[in-house]
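Visitor: how does the following fold in three dimensions:
(one chain, ligands or ions: 1)
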Amino acid sequence: MDKRVDTTRLQKMARAYTASAVLYAALDVSLFTHVSGGLNSETSLVEATGLRPVDVDRLVSCALSLELLDWEGDHLVNSPDVETYLVEGKARYAGAWMMFTRPDVEGWFEMTQKMREPESSKLGMYQELTVDSARKYHRATSSIGFGAARRFVKTVDLSSRRHLLDLGGGSGAYSITAVENFKELRATVLDLPPVVVATQEYIADAGVEDRVKTVGADFTTGEFPSPVDVIVMASNLPIYDGEVVSDVVARAFRALEPGGEMHLIGEMLNDDRKGPIDAAMWGMNELICGSEGRAHTRSECENYFTTAGFSDVEVIDFVPGILARCVGHKP
Ligand SMILES: C[S@@+](CC[C@H](N)C(=O)[O-])C[C@H]1O[C@@H](n2cnc3c(N)ncnc32)[C@H](O)[C@@H]1O
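Guide: The predicted structure is shown next:
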């Protein structure tokens, strides 16, 4: 029997941008922060936001329907993830990251034109970074990067390691968290020259200047600081094409001591490329931002490692549905 189809899924997709817009507006007016602070009726939200009652009614209906808000009796409450990550002033506030790609919205809706008349360069948006834009950028990445780094040190035992090289380390989230957890470890964050100025501020804030150093360099060229016994490259995989990534992995292999290990953490596609959607979309994001990068599959990543000479290569879920971790050892 023919499987019945209807337009529901396609209609939802055609208007998926509406959910992003509602989330941005809710964050603009600190909706979740007000609700968390006890301004949890529509009357008090009208007063707190200065919006018209009809717009609070619209916004609250959307937020309830998107399961950002819920009812508890006759008052509003935040959903658990919203309460943890979208309330200003809370330790795990990640609003900066949720808003981070908002400036790209226009570009995403120019996708067809960008594909027809492509303009790209190897470093894409990264070649224009300044110290100020790097600071802003890493205010956003650090709001989720430190959480990912905590997950990394819980999953990977670095207690026998002495020197970590963190390629494209940004805020230094992985290096800082790793030296805080493994007392014998030192780390070097390698990132672009304007970025490491911001990195040094995170390192100073954490009080680990004596154990985490920075190198301002482009990881697509040149040899890496050596010897090191563990290398991490996190959350920059789709920025580059296969040629660049395999070359980085090959130079990382050379920099490692025998017995050392490398971890490539990023959004990776399943081998049939049927997801995760996030990995595919970060690949497309490189069109929007003007780099030559694309989404890589898990087996492509494994192949970069084995071609470089790594053994015991495997890809493991890191944040299921979002990030995977490819690990290999230098014999
Ligand atoms: C999304 S951030 C990830 C930062 C950090 N690894 C984390 O997971 O929190 C990507 C980082 O890669 C850096 N990066 C991108 N291309 C680079 C290059 N060619 N050389 C050095 N760093 C680069 C960027 O400057 C940025 O800091």
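Visitor: name the nearest residue to the residue nearest the centre of the chain, ignoring sequence neighbours.
Guide: Centroid-nearest residue in the chain, with CA atoms, centre = their mean: Ser235, separated by 5.6 Å. Once flanking residues are discounted, Ser235 sits nearest to Gly266: 6.1 Å by CB to CB, 6 or more residues apart in numbering. Just so you know, the C-beta spots here come from the backbone N, C-alpha and C atoms, and that holds for glycine as well.
Visitor: look up phi and psi at the one you found.
Guide: Dihedral pair for Gly266: phi -170, psi 180, per degrees, to the nearest 10.
Visitor: ditto for Gly260
Guide: Backbone torsions of Gly260, given as degrees, to the nearest 10, read phi -80, psi 170.
Visitor: and it, what does it touch?
Guide: 228-231, 329-330 (CB atoms under 8 Å, 6 or more residues apart in numbering).
Visitor: mind doing that once more with 10 Å?
Guide: By CB atoms under 10 Å, 6 or more residues apart in numbering, the residues touching Gly260 are 161, 163, 165, 226-231, 252-253, 310, 328-331.
Visitor: drop anything exposed from these.
Guide: 161, 163, 165, 228-231, 252-253, 310, 328, 330 (16 or more other CB atoms under 10 Å).
Visitor: any idea how far Asp6 is from the residue nearest to Ser235?
Guide: Distance of Gly266 to Asp6, given as CB to CB, to the nearest Å: 36 Å.
Visitor: re earlier: pretty sure the residue nearest to Ser235 contacts Val248?
Guide: No: counting by CB atoms under 10 Å, Gly266 stays clear of Val248, with 11.8 Å between them.
Visitor: list residues touching both of these two?
Guide: Shared between the contact lists of Gly266 and Val248 (criterion: CB under 10 Å, 6+ apart) are residues 233, 236-237.
Visitor: the more surrounded of Gly266 and Asp6?
Guide: Between Gly266 and Asp6, Gly266 has the larger neighbour count (other CB atoms under 10 Å), namely 23 against 7.
Visitor: enumerate the residues of the stretch 151-300 of the chain near the ligand.
Guide: Applying CB under 6 Å from any ligand atom, we find that the stretch 151-300 of the chain lies next to the ligand at 168-171, 173, 191-192, 195, 218-220, 234-236, 239.
Visitor: what about these, which are in helices?
Guide: 173, 195 (DSSP state H).
Visitor: ok, and the most crowded of the residues of the stretch 151-300 of the chain next to the ligand?
Guide: Gly169 (32 neighbours).
Visitor: how about the nearest residue to Gly283, chain neighbours excluded?
Guide: Nearest non-adjacent residue to Gly283, counting by CB to CB, 6+ apart: Ala295, 3.0 Å away.
Visitor: brain fart, Val327
Guide: Leaving aside its chain neighbours, Val327 sits nearest to His263 (5.2 Å; criterion: CB to CB, 6+ apart).
Visitor: related to what we said a few turns ago, can you put the buried ones among the contacts of Gly260 in JSON lines and add pLDDT and secondary structure?
Guide: Formatted as JSON lines, the buried ones among the contacts of Gly260 follow (pLDDT from 0 to 100; DSSP: H, G, I helix; E, B strand; the rest coil):
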{"residue": "Arg161", "pLDDT": "98", "secondary structure": "coil"}
{"residue": "His163", "pLDDT": "98", "secondary structure": "strand"}
{"residue": "Leu165", "pLDDT": "98", "secondary structure": "strand"}
{"residue": "Val228", "pLDDT": "98", "secondary structure": "strand"}
{"residue": "Asp229", "pLDDT": "98", "secondary structure": "strand"}
{"residue": "Val230", "pLDDT": "98", "secondary structure": "strand"}
{"residue": "Ile231", "pLDDT": "98", "secondary structure": "strand"}
{"residue": "Ala252", "pLDDT": "98", "secondary structure": "helix"}
{"residue": "Phe253", "pLDDT": "98", "secondary structure": "helix"}
{"residue": "Phe310", "pLDDT": "98", "secondary structure": "coil"}
{"residue": "Gly328", "pLDDT": "98", "secondary structure": "strand"}
{"residue": "Lys330", "pLDDT": "98", "secondary structure": "coil"}
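Visitor: what sits against the residue nearest to the centre of the chain?
Guide: By CB under 10 Å, 6+ apart, the residues touching Ser235 are 141, 144-145, 148, 168-170, 173-174, 265-267, 282, 323.
Visitor: kindly report the same for Ser142.
Guide: Taking CB under 10 Å, 6+ apart, one finds 94, 96-97, 149, 170-173, 176, 198, 202 in contact with Ser142.
Visitor: so which of these is surrounded by the most neighbours?
Guide: If you count neighbours using other CB under 10 Å, the busiest of the contacts of Ser142 is Gly172, which has 32 neighbours.
Visitor: now Ala178, what's its secondary structure?
Guide: Following DSSP: H, G, I helix; E, B strand; the rest coil, the label given to Ala178 is helix.
Visitor: so it touches Val230, yeah?
Guide: Yes: if you go by CB under 10 Å, Ala178 and Val230 touch, sitting 8.4 Å apart.
Visitor: list residues touching both of these two?
Guide: 156, 158, 161, 164, 166, 185, 187.
Visitor: what helix or strand is the fourth one on?
Guide: Same thing as Leu164. Assigned by DSSP states H and E, Leu164 belongs to strand 163-167.
Visitor: I am finished for the moment; much appreciated.
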